[in-house]
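Peer 1: have a look; sequence and predicted model below, questions after that.
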Amino acid sequence: MKVSYFPGCTLKTKAKDLDRYARESAAALGVELAEIEAWQCCGGVFSMATDEIASKLSCVRALADAAKQGQPLVSVCSACHNVLKQTNHAMQTDETFASRVNNYIAPDAPYHGQTKVLHFLELLRDEIGWDAVRAAVKKPLTGKKVGAYYGCLLLRPSKTMAMDDPENPKIIEDFIRAIGAEPVIYPYRNECCGGYVTIEDAALSKKKSMQVLDSAQGAGAELLVTACPLCRYNLDKNGEGKLPVVYFTELLAEALGLKED
Amino acid sequence: MTKNERMKEQILRTSGVNPLKCMRCGKCSGTCPSYDEMEYHPHQFVYMVETGDIEPLLASKSLYKCLSCFACVDRCPRSVEPAKLVEALRLMVIRQQGANHFKADDIPALVDEEIPQQLLVSALRKYSK
Amino acid sequence: MQRIGVFVCWCGSNIAGTVDVEAVSEALKKEPGVVFSTNYQYMCSQAGQDIIKNAIAEHKLSGIVVCSCSPRMHETTFRKTAAAAGLNPYMVEIANIREQCSWVHKDKLTGTEKAIILGRTAIAKVNLNAPLTPGESPVTKRALVIGGGIAGIQTALDIADAGFEVDIVEKQPTIGGKMAQLDKTFPTLDCAACILTPKMVDVAQHEKIRIFSYSEVESVSGFVGNFTVNIKKKARYVKEDVCTGCGLCTEKCPQKNVPNEFNLGMDNRRAIYIPFAQAVPKVATIDPRYCTMLKTGKCGVCSKVCTAGAIDYKAKDEYIEEKYGAIVVATGYNPISMEKFDEFAYSQSKDVITSLEFERLTNAAGPTAGVLLRPSDHKHPKTIVFVQCVGSRCSGAEKGKEYCSKICCMYTAKHAMLTRDKYPDTDVYVFYIDVRTPGKAFDEFYRRAVEEYGVHYIKGMVGKVSPQGDKLMVQASDLLANKQLHIEADLVVLAAAIEPDASARPLATMLTASMDTNDFFTEAHPKLRPVESPTAGVFLSGTCQGPKDIPETVSQAGAAAAKVIGLLAKDKLTGNPCVAHSNELMCNGCSSCERVCPYGAITYEDKEFRMPDRTTRMRRVAKVNEAVCQGCGACTVACPSGAMDLKGFASAQIMAEVDAICK
């Protein structure tokens, strides 16, 4: 199976692991991640303003490119996925926005949100299947108590993201089980880490990250997994080593026996 | 039309929010993770926009405390989507000339070894035009 | 040629506000057949009806057209008026210039123009009307009540007390419904069981009432006065007439881990069970999903211990067909699933419960014998948070209900008050959006909870509940203090919205009774006919029609019974003369009409016809049973030769109407 792949800027720089392990794991599971040519940064956040056009164009270009290939568009970073999916939804539902965008970027064929936008976790769940993942695991992470950290961007706004139940998600827990580890469910797994406000108000970000880490630790997690470089940065920086935080692709690669010790 | 009324109209258009849908339950403020850092809270944003009391909101630091976590959007029983109002108000401020809240020049002082590009890009999107 | 009178109603300003009624009555004067035309402020009033009666006599009218509100509102009124003046009531036509004209148009010119067209259309039809005489049908003097909760029980008792036979069909093994699960009832705090169970016994002992418990309605046919209903008696594997209800089997059954639905799964029952001590009928039922004997053929303990010999593992579902004159729907409600509201952590913590579960936790016959212990560790909760409006008053159908569930404010006040009364060391918080207490002694009750019992009412909403250790961290807003609160609670109680029982939708289809978008049954008129369905002979009792508390349910149950009694007291019902009839000369006996008739009203007979050459020939022709025909018109469309026609709605009449509109 071949899918279009949107890595995003952070995966090319500070989060190279997130990218590398995603590609290697996908290959081991029989999926080729075909990187979109000349992709541009998603912008990190989706502007909720209906009159913002320019900041959403890069996403539409990537989406239209995938449509041309007739492939789903996969990303790994929570933020990229969120912005791509919300932009795609706007292209499907907001006619004024869609016609302005189409006039501006003039794609080969008008784009109206026909591309299926998948997060790598959805690729695992819906296209590959947990059973196939489980079957491919060579070094199960038996006994490891892993807390899933969803943050906000994977799940919300839930009407648009439609990945999982926003209040009681299970996709990462299912992932954790598939690689042989034990998921730890804790209430703050879908609360914000402080996000970009860490630039504006470091204390706020510290408070939010600590709530997440305390909640996870209190529930018995030894390790947190995330799909978002910003979440990982906030939790690491604010956590004072409370709990290690890793990318989910890293654990996947480890379980598939792709990671050298 | 007063200045506040004009601004209100602009805010409603940019955000796509209808504050009349609000039934004043306060769930947005019950769920907001930035509540304690805010001078005006999510339910006040909705109510003050509805009544056209825009200027105090534009002058408030609360605009920059919203995490865009969408918790208020998701949990609102009336689909009011308060976060979209906060975004529209913030844009009304920073779209003015010289009103960027966060500037590229600020970056070097903030950057550490680990900072992900995503953070800087997001902050620029949220705090500057 | 008809002599037609036209009567244009103002309906106060309802019509006259957007329709120039004077212009309408003037314009319609010129239509063919019209000999008289006038307008009046309220045509339905006594004075208005007198205008019609006088005109019929004075102008020797053979037909009339009333331009007024919907025929659903006043067609019957004006037909009676005509009959009183000696005119056949089916010579009356209504032009709906209110709902379909004045109410939808804002511009008076447009409204007037359309009103004239609608009037012209009705006139065109009356020109082709012929007097009709309705037939009569007998009334089966027995009522069916579907649902055995307090609504069904009260309706059945009231009908039976008037001397008519009543059958109750209840899908659970016992009657009693939700009220049987409640602890105390607001605002008087009577014990629910103490006031309900005597009524259940009355039902069981009433010579006019039969209870079909553990049964469901399978199909319904017929019409008002003459329904035929097929009832499925589900196999309970216990002979109802032999079982003494001693309960020995329910103690000896080795299958102990069946979630007890009566206690909402908070404890277990056996595979053979009696739902609760006061069940009616008090007989055991085997749950085939859990019974080892039924599943594997090995066990048979209940059969061995039953001294009455009531166990029958070979029992099968039975079907009973019975005739009824009236059907009462009393299918009740359920709290909605809390699955989509997991910000309150219902699925993540046993100590987040619904209000109905709280009822069981405080009920002496509940899983904790009435001692308030939280489900996770059986400790006394010291801090309890009640959350109101969970899933009620939500916009957007994806999550929750748009309506107010009506009962939650009062039962939450009751729970809060009773908790403070029994356990004064407990802190009780109630988060509310609005407190709605319109009912006799209701607001006083809520104020007592606050003023005498010290319940903390907080204007605001809970945003998130986080289970941490053995505590529930409740994050909420206090809108009056403009603060975000963080309460460490031991128990969180959710006032879940209520919704109609899932059986209501398929039942409505069987009954051809209409429902609203929330699956509540629609009443014939929201104000003036609140306990009748628009489908004749079908009546509504209790929460199947909308959220209501016990006093309201009992009032409505009695009202529905009164309507049923009024129907069953009649020996004959006047039918609808607008039925199908077949022109035998044109019928070719193809059976198309028979195939589409939903009521089985069409049969065929061989008939001798004289041919032009004076020979005779036998031909097969359709025959309509007028007592069974409901006048739906399906046959008239299916008939390829145009032999089928509907009296009062003949093809020629409808074409004349279309022509009048297009003129």
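Peer 2: Structure's in. What do you need? This structure is a prediction, so every number in the text was calculated from the model and none was measured. Residues are numbered from 1 along each chain as shown, chains lettered A, B, ... in the order given.

Peer 1: hey, what's C:Lys471 bridged with?
Peer 2: According to DSSP bridges, the partner residues bridging C:Lys471 are C:Gln468.

Peer 1: residue contacts, it?
Peer 2: Contacts for C:Lys471 (CB atoms under 8 Å, 6 or more residues apart in numbering or on different chains) come out as C:488-490. C-beta here means a position set from N, CA and C on the backbone, and glycine is covered the same way.

Peer 1: so what's it scoring on pLDDT?
Peer 2: The predicted structure scores C:Lys471 at 97 on the pLDDT scale.

Peer 1: measure it to C:Val390 for me?
Peer 2: 20 Å (CB to CB, to the nearest Å).

Peer 1: now tell me which helix or strand of chain B has the poorest mean pLDDT.
Peer 2: Ranked by mean pLDDT, DSSP states H and E, the weakest helix or strand in chain B is helix B:107-110, scoring a mean of 88.

Peer 1: got the CA coordinates for that helix in CSV?
Peer 2: Coordinates of the C-alpha atoms in helix B:107-110 are reproduced here as CSV (Å, rounded to 0.1, in the frame of the first residue of the first chain):
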residue,chain,number,x,y,z
ILE,B,107,12.7,34.6,19.1
PRO,B,108,16.4,34.5,19.8
ALA,B,109,16.0,35.3,23.4
LEU,B,110,13.5,32.5,23.8
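
Peer 1: how far out from the middle of the chain is it?
Peer 2: In terms of CA atoms, centre = their mean, to the nearest Å, the centre of helix B:107-110 is found 24 Å from the chain centre.

Peer 1: is that helix anywhere near chain A?
Peer 2: Yes: on the criterion CB under 8 Å from any CB of the partner chain, helix B:107-110 is in touch with chain A at B:Leu110.

Peer 1: so for the helix or strand following that helix, what's the average pLDDT?
Peer 2: Following helix B:107-110 in sequence order, the next helix or strand is helix B:117-127 (DSSP states H and E). Mean pLDDT, helix B:117-127: 94.

Peer 1: can you give me the neighbour number for C:Pro506?
Peer 2: 11 (other CB atoms under 10 Å in any protein chain shown).

Peer 1: how about the secondary structure of it?
Peer 2: At C:Pro506 the chain is in helix, as set by DSSP: H, G, I helix; E, B strand; the rest coil.

Peer 1: for C:Thr228, same thing?
Peer 2: Look at C:Thr228: counting by three-state DSSP, its state is strand.

Peer 1: spatially central residue in the chain, please.
Peer 2: With no chain named, the answer covers chain A. In chain A, the residue lying closest to the centroid (CA atoms, centre = their mean) is A:Ser78, at 2.8 Å.

Peer 1: should've been chain B
Peer 2: By CA atoms, centre = their mean, the most central residue of chain B is B:Val86, 2.1 Å off.

Peer 1: got the angle for the helix or strand containing that residue vs helix B:117-127?
Peer 2: Using DSSP H and E, B:Val86 sits within helix B:82-94. Put simply, helix B:82-94 runs at 70 degrees to helix B:117-127, going by axes from the mean of the first three to the mean of the last three CA atoms, to 10 degrees.

Peer 1: good, we can wrap up now.
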